[in-house]
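Build me a model:
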Amino acid sequence: MANRSHLSLLRSSVDDFNTWRKEDPRTQPNLSGANLAGLVLSGIDFSGANLEDADLSRCDLRGANFDGASLNGCMFEDATGVPDFNESFTDLLRRSVEAFNTRRNFHQDEDEEIDLSDEDFSNHDLSGANLSGCDLTRTDFRNAKLRKANFEEAKLDSTKFAGADVTDATFDDSDDIPPEILLELVRSGYTQLSSCDLSDQDLSGLDLTECDLDEAILVGCVLKNVRIRGSQLRDIDLDCATGTLILVEE
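Residues are numbered from 1 along each chain as shown. The predicted model follows:
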């Protein structure tokens, strides 16, 4: 439900709304479900706004800024000035994560899979990118910044993550991630390993002390100099694993 004060500012004038945005940049406008049909909103700053289920039908949106806005269920029927994204998803992602995410929001009902396979995003800052459901087969994210990126339901086949920063990134359950990719993610700081199957992988030298290893399967793994806490060993399957663990005090 829309915030009444935010809605009142908007209805007052676009200038008043934009001035408030500049004076209070940390507050994200909540206009969810608002009926804004037919309004002249040219030049308005909707960046980061919650416009879910809002009605922008027949609005004049020329020059409006929708970067990072949440647009799930937002209606644009007969509106003018709706952004026309001529760039490919690949070029948009290279140029601006916000522009990429915004285009995804505008096209959220399309069934077409976003194909980013074989693309090279190494060393790029893609923090916060919504890559859910994308085809990332053989995509190169080596040494990229991927903080808070969303990889849920993405195709991760031969995807490269070596050296990437995946802090707070979200993935499918670890047992659905191919082992060789999961291992790269662990080396890059990924910690959600509950129920994962890393059987027969070489984990030598890894620091697993911050990992969730509940019911993890490490059968046949090489564990030379792997750092781990004693309490983590209770629910791990280490059958036939080799190497000497380094037990870290709790």
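
Which residue ranges of this protein form helices?
Taking DSSP state H as the test, the helices found in the chain are 4-12, 14-23, 89-95, 97-106, 179-187.

okay, the first one in CSV with CA atoms only?
Below are the C-alpha coordinates for helix 4-12, written out as CSV (Å, rounded to 0.1, in the frame of the first residue of the first chain):
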residue,chain,number,x,y,z
ARG,A,4,0.2,8.6,2.0
SER,A,5,2.8,11.4,2.4
HIS,A,6,4.8,10.1,-0.6
LEU,A,7,1.6,10.0,-2.7
SER,A,8,0.6,13.5,-1.5
LEU,A,9,4.0,14.9,-2.6
LEU,A,10,3.7,13.3,-6.0
ARG,A,11,0.2,14.6,-6.5
SER,A,12,1.3,18.1,-5.4
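
quick one: buried residues of it?
By neighbour count on 16 or more other CB atoms under 10 Å, the buried set for helix 4-12 is 6-7, 9-10. Every residue, glycine included, has its C-beta placed from N, CA and C.

which among these gets closest to Pro179?
His6 (47.4 Å; CB to CB).

Quickly note the distance from the closest one to Ser32.
10 Å (CB to CB, to the nearest Å).

repeat for Asp45
In terms of CB to CB, Asp45 sits 17 Å off from Ser32.

With neighbour numbers in mind, choose between those two.
Per other CB atoms under 10 Å, whichever of Asp45 and Ser32 has more neighbours is Asp45, with 21 against 18.

Worst mean pLDDT across the helices and strands of this protein, which element?
helix 97-106 (a mean of 80; mean pLDDT, DSSP states H and E).

For it, which helices and strands make contact with it?
helix 89-95 (3 or more CB pairs under 8 Å, 6 or more residues apart in numbering; DSSP states H and E).

How far off centre is the helix it packs on?
Remark: helix 89-95 is offset 15 Å from the chain centroid, using CA atoms, centre = their mean, to the nearest Å.

coming back round to it: can you give the contact residues for the least confident helix or strand of the chain?
Here helix 97-106 makes contact (CB atoms under 8 Å, 6 or more residues apart in numbering) with 47, 66-72, 82-83, 85, 87, 89, 92-93, 114, 125-130.

Quick check: closest non-adjacent residue to Ala241.
Computed as CB to CB, 6 or more residues apart in numbering, the closest residue to Ala241 that is not its neighbour in sequence is Cys221, at 4.7 Å.

ditto for Val186
In space, Val186 is closest to Leu206, 6.3 Å off (CB to CB, 6+ apart).
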